[in-house]
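Asks: return atomic coordinates for the entry below.
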Amino acid sequence: MASVYRWITDTLGITEKDVPENRTVLIGNRSPVEDFVYIPQKFPDNTVISSKYTLLNFLPKNLFEQFRRIANFYFLIVALLQFVIDSPVSPITSVLPLVFVISVTGIKQGYEDWLRHQADFEVNNRPMRVIRDGEIVDTRSSDIRVGDIVRCKLNDEFPCDMIVLSSENPEGECYVTTANLDGETNLKMHRSLPVTALLQNVESLNSFKGVIECEQPHTDLYKFIGRMKTFLPNRQETVYPLSPENVLLRGARLKNVKYVFGVAVNTGEQTKMALNSKSKGQKFSCLERSMNKYLGVMLILLVVETLTCTIAKYTYDAKQHDLLKEHWYVYPSALLSGDYDIDVQNVMGTFLSFLVLFNYIIPISLYVTLELQKFTGSMFFAWDIDIYDEATNQRAKANTSDLNEELGQVEYMFTDKTGTLTENNMQFRQCSVDGIKYEDVNGVSLKMTTEPEDFTDSGKEHRSELLHEFLLCMGLCHTVHVHKDSENGMDSIDSKAPLDYQASSPDEKALVEAAASYGVKFLGGTSEYIEVQLDSYAERYELLHVLEFDPTRKCMSVIVKTPTGEIRLLCKGAESTILHKSISGNVDSTLQHVNDYAVLGLRTLCFAYRILSPEVYEEFHEQLAEASSSLENREEKLNAVFEIAEQQLHLVGATAVEDELQDGVADTIAKLREAGIKVWVLTGDKQETAVNISHSCDHFKANMSELYLVKQKDPNEISRMLTDYSKM
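Replies: Next up is the predicted model:
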């Protein structure tokens, strides 16, 4: 009996299930060693459900949702009253329009949900290949289970959240686009752990013994904390940390490699894409909300009118009782039935009769017209030739017809700057090295734009060394990768052809390309080394660690060992971070130059380095390994370790890159302003850069009064300034 009760409560969601803090995933759904102990969990299958209804629940659920609307519920009550009381009008006059409105809305919502079912069917039945029982088999996407090793090929969308095990690339690298997740169209590089990168075939993957321990699913697309445990035949256990770099999310698409193997860790409704999907509840437009307000006013008016007529009726009957006797055609029967008696039943019946008689004060035809307009209005999106995209041969599509009119009521528009107002195509323009400004000349050389103090040969040699050091930082401190194409002869470092750089950040790509143009050419690398070409010879730097960019730290770093054995930490980031951490270098001049670049609307970054002694590096390496393997508060622990290393820096210089405006941005903003839409631009640039871009795209007009609310931390002061500005 207890088990039946538990099943009922779990099914209805009354009881909250006890979910462990972390989950354990057996790679290949095989126990890595005999008697492996872990807490088994029940995971959902990989079925995707974006629809709201089924054949069984469509009628009751849709009727429930429709009668949640005040108007529909009101007309339903009126129709029922006409059947219950001695109605002065036929019930058909209320029932037929109500049935028509409910039917039209139900057909419209049913059709839209049928389209969702078709899309779900296509996704769930997409053919996939997984490794089971020692061989690769064909299966449907919906049949993938947590722990399955999945093989995806070029241009495939990943069917679930996976940990990448290996790819066509011997280093386990692959590139993905995440446009379906975050709108970013640039390629992002992901890689496997070195221990699994060599698992290139079914036999090696099937013989691999390991488990994955990770946090439970959550909505953050850019966060993943986990670790992989591998086991040797002698049961020896090795732990490797897993980060977002090792995760392929459902909805992302594979690029630039022919295939990739990954183990499913989140499936179905627990994938990050599904968790970020909004609920499929009923949507109400502003028009409908405003109509509900007017409906409430009309209901109050109806009740007052009905109550007034009821009181007037009985007042008239009492005062004109003798006169009523002359009405020989109704008086006897009315007197016999007690219609002139003042009791609760008669008063309520009279009140409801007047209510039914006056219910047309709220026209049901208005709602019939609205539903028809919404349904046909959604079709105009597909019929409108002005919003047809010839490049992709796609028409505009309205996923729901409930919110059509919302497009005409937009008051505020929030837009990103990079990639929206601008082309997201960065070009290197200027730089500052040891207090001296340099300017790009046709993308092949740098020209000094400020006069140096020392014109001697030793001064020139010193400036040349500093510039070379700066370019070396640009060529080494990044996460750019080279896409090699053996058919075009690009698999060799001696190739004279331009290298195809792939980067998740266009800023990094622009800086690496600039360094290559000025004599420090990044040739590529692996997870173990970086190779650059200096004039006519190549140098290989051992890559020890990459400290990824973090919005809190506002910088990223790489730790390399030079060919001479020196360990260097190379760091780049926002001037607010780098200049603060620098203890040497020309800080004051660099800050002034950064501000000058910002006024020109250029994006700036500062570069610095630190030489680490073997003792300091070993201590840092141990702390980093411990923090990386932690499942609790990993980000905080990693940032604390990063801060220890990214201190006592020597400032090298700063860069300035340009991101040109999109075509037609100024005209678009002007049209939006004419339509009464207020445009807000969101950017992480310096204040001067943001203001310059706003002027360039006519977001700020020449006759506008610029009000600044910056660098404020006191809420009271912010409130005071906003109040003062509102009075201007």
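Asks: and the helix or strand where Thr668 lies, what's buried?
Replies: Assessed by DSSP states H and E, Thr668 sits inside helix 665-674. For helix 665-674, the neighbour count (16 or more other CB atoms under 10 Å) marks Val665, Thr668, Ile669, Leu672 as buried. Quick note: C-beta positions are derived from backbone N, CA and C, even for glycine.
Asks: need those residues in CSV with pLDDT, can you?
Replies: What follows is the buried residues of helix 665-674, written out as CSV (pLDDT from 0 to 100):
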residue, pLDDT
Val665, 87
Thr668, 87
Ile669, 88
Leu672, 88
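Asks: what's the closest of the residues you listed to Lys52?
Replies: Of all these, Lys52 sits closest to Leu672, with 33.6 Å by CB to CB.
Asks: show me what the closest residue in space to the closest one that isn't next to it in sequence is bridged to.
Replies: Closest residue to Leu672 apart from its sequence neighbours, by CB to CB, 6 or more residues apart in numbering: Val679 at 5.7 Å. Beta-bridge partners for Val679, by DSSP bridges, are Met413.
Asks: isn't Val679 up against Thr415?
Replies: Yes - between Val679 and Thr415 there is a contact under CB atoms under 8 Å: 6.5 Å.
Asks: before we move on, the earlier item: for the buried residues of helix 665-674, which one is nearest Cys571?
Replies: Using CB to CB, these come closest to Cys571 at Val665, 33.9 Å.
Asks: contacts only, for that closest one.
Replies: For Val665, the contact set (CB atoms under 8 Å, 6 or more residues apart in numbering) comprises Leu421, Cys697, Asp698.
Asks: measure the residue sitting nearest the centre point of the chain to Arg553 for me?
Replies: Nearest to the mean C-alpha position of the chain, by CA atoms, centre = their mean, lies Asp182 at 3.9 Å. To Arg553, Asp182 is 21 Å away according to CB to CB, to the nearest Å.
Asks: and if you look at Asn425?
Replies: Using CB to CB, Asn425 is found at 27 Å from Arg553.
Asks: give me the more crowded residue out of these two.
Replies: More neighbours surround Arg553 than the other of Asn425 and Arg553, with 19 against 13 (other CB atoms under 10 Å).
Asks: help me confirm that the more buried one comes into contact with Gly573.
Replies: Yes - with contact defined as CB under 8 Å, Arg553 reaches Gly573; the gap is 7.1 Å.
Asks: element containing Ala382?
Replies: Judged by DSSP H and E, Ala382 forms part of helix 364-383.
Asks: quick check: buried residues in that helix?
Replies: Applying 16+ other CB under 10 Å to helix 364-383 flags Ile364, Tyr367, Val368, Leu370, Glu371, Lys374, Phe375, Ser378, Phe381 as buried.
Asks: give me the neighbour count for the nearest residue to the fifth one once chain neighbours are set aside.
Replies: If I follow you right, that is Glu371. Distances taken as CB to CB, 6+ apart place Val104 nearest to Glu371, at 4.8 Å, with adjacent residues excluded. With neighbours defined by other CB under 10 Å, the count for Val104 comes to 17.
Asks: Val104: what's it in contact with?
Replies: Here Val104 is in contact with Val368, Glu371, Leu372, Phe375 (CB under 8 Å, 6+ apart).
Asks: in contact with the third one, which residues?
Replies: Put plainly, it is Leu372. The contact partners of Leu372, taken as CB under 8 Å, 6+ apart, are Val104.
Asks: can you tell me how far it sits from Glu112?
Replies: 15 Å.
Asks: how about the last one?
Replies: From Phe375 over to Glu112 the distance is 10 Å, taken as CB to CB.
Asks: what sits in contact with each of the two?
Replies: Common neighbours of Phe375 and Glu112 (CB under 8 Å, 6+ apart) are Ser401.
Asks: coming back round to it: give me the nearest residue to the residue nearest to the centre of the chain, chain neighbours excluded.
Replies: Of all residues not flanking Asp182 in the chain, Leu221 sits nearest, at 6.2 Å (CB to CB, 6+ apart).
Asks: returning to what we had before: quick one, what contacts the residue nearest to Leu672?
Replies: Tyr412, Met413, Thr415, Ile669, Leu672, Arg673, His699 are the contacts of Val679 under CB under 8 Å, 6+ apart.
Asks: how about Leu232?
Replies: Thr238.
Asks: my read: His190 touches Thr178, true?
Replies: No - applying CB under 8 Å as the test, His190 and Thr178 come out as separate, 10.3 Å apart.
Asks: who's more crowded, these two?
Replies: Neighbours were counted for His190 and for Thr178 using other CB under 10 Å; His190 has more, 25 against 19.
Asks: could you report the neighbour count for Lys678?
Replies: 11.
Asks: so what's it up against?
Replies: Residues near Lys678 by CB under 8 Å, 6+ apart: Glu411, Tyr412, Met413.
Asks: at 7 Å what do you get?
Replies: Each residue near Lys678 by CB atoms under 7 Å, 6 or more residues apart in numbering is listed here: Glu411, Tyr412.
Asks: can I get the host helix or strand of Leu181 in CSV? Just the C-alpha atoms.
Replies: Element membership for Leu181, per DSSP H and E: helix 179-182. Below are the C-alpha coordinates for helix 179-182, written out as CSV (Å, rounded to 0.1, in the frame of the first residue of the first chain):
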residue,chain,number,x,y,z
ALA,A,179,23.5,29.9,-32.7
ASN,A,180,20.5,27.9,-31.5
LEU,A,181,21.6,28.4,-27.9
ASP,A,182,22.9,32.0,-27.5
